[in-house]
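Asks: any chance you can model this:
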Amino acid sequence: MTTIAELPAGFADKVLSAQSTFRSVMDAIARPGSVQRINAVAGTPGAMMRGTAAIALTLFDHDTPIWLDAGMSATSDVAKWLKFHTSAPVVTDSSICHFALIGDPKSLPALDCFAFGSSEYPDRSTTLILQVESLARGPLFELQGPGIDGAAVLNATIQPKDLFERLAINAALFPRGIDVVLVHDDAIVAIPRTTRVVAKGG
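Replies: Residues are numbered from 1 along each chain as shown. Purely as a prediction, here's the structure:
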């Protein structure tokens, strides 16, 4: 059993690292499909990648319920680390979480297991933080939507393979919907609910 003293560290410089990570996340959201780098360094518990850890330290707090998939909750280390460094409550009900950490994307639950928000409060939805195999190689995805000049091409190896087909439900739900942040090591790509895949190949 991991004690508090044995947990991986958080940010060495909390303020500067959080600011840097926040800018990277905002740049990713502003330019869907673009690969952004997270430069901040933090400890990474269990199966958590560096980018996921930095996002957690930056965006999570006591008011953001977190849901962990089987890959993230295989040991208690991730939950302990999150509670210690962010105070975010880890919940077992995925339908009320603000963020869902997905360490085993092949086993991603159906999207209706998560919160879509409401017409009055569309921001009360779940953001999936999905760890993927690569954001530099694999099939090509052509994306369109707000923040994209014409079309953006994402070259990535993503599980589940039908992720974008599943996310097509966002078009019917808008302004409600699910937002996704793809993570591989220190690289991130944002797929907001307004982004659509118009072509796929490779």
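
Asks: residues contacting residue 107?
Replies: With contacts defined as Cβ atoms under 8 Å, 6 or more residues apart in numbering, the neighbours of residue 107 are 69, 70, 71. To be clear about C-beta, it is placed using only N, CA and C from the backbone, and glycine gets the same treatment.

Asks: ok, now with 7 Å
Replies: By Cβ atoms under 7 Å, 6 or more residues apart in numbering, the residues touching residue 107 are 69, 70.

Asks: next SSE after the top helix by length along the chain?
Replies: Scanning the chain for the longest helix, with DSSP state H as the assignment, gives helix 14-30. Beyond helix 14-30 on the C-terminal side, the first helix or strand identified by DSSP states H and E is strand 36-37.

Asks: distance from the chain centre to that next one, please.
Replies: 13 Å (Cα atoms, centre = their mean, to the nearest Å).

Asks: where does the residue most central in space within the chain land in three-state SS?
Replies: Nearest to the mean C-alpha position of the chain, by Cα atoms, centre = their mean, lies residue 129 at 1.7 Å. Of the three states, residue 129 takes strand according to DSSP: H, G, I helix; E, B strand; the rest coil.

Asks: in this structure, where is pLDDT below threshold?
Replies: 1-5, 202 (pLDDT under 70).

Asks: that one: helices as residue ranges?
Replies: For the chain, the helices defined by DSSP H cover 14-30, 50-59, 77-86, 163-167, 169-173.

Asks: pick the most deeply packed of those helices.
Replies: Among those, helix 50-59 has the highest mean neighbour count (mean count of other Cβ atoms under 10 Å), at a mean of 25.

Asks: how far out from the middle of the chain is that one?
Replies: Here the centre of helix 50-59 is set off from its chain's centre by 9 Å, with Cα atoms, centre = their mean.

Asks: report the angle between it and helix 77-86.
Replies: On the basis of axes from the mean of the first three to the mean of the last three Cα atoms, to 10 degrees, helix 50-59 is oriented at 40 degrees to helix 77-86.

Asks: that concludes my questions; thank you for your assistance.
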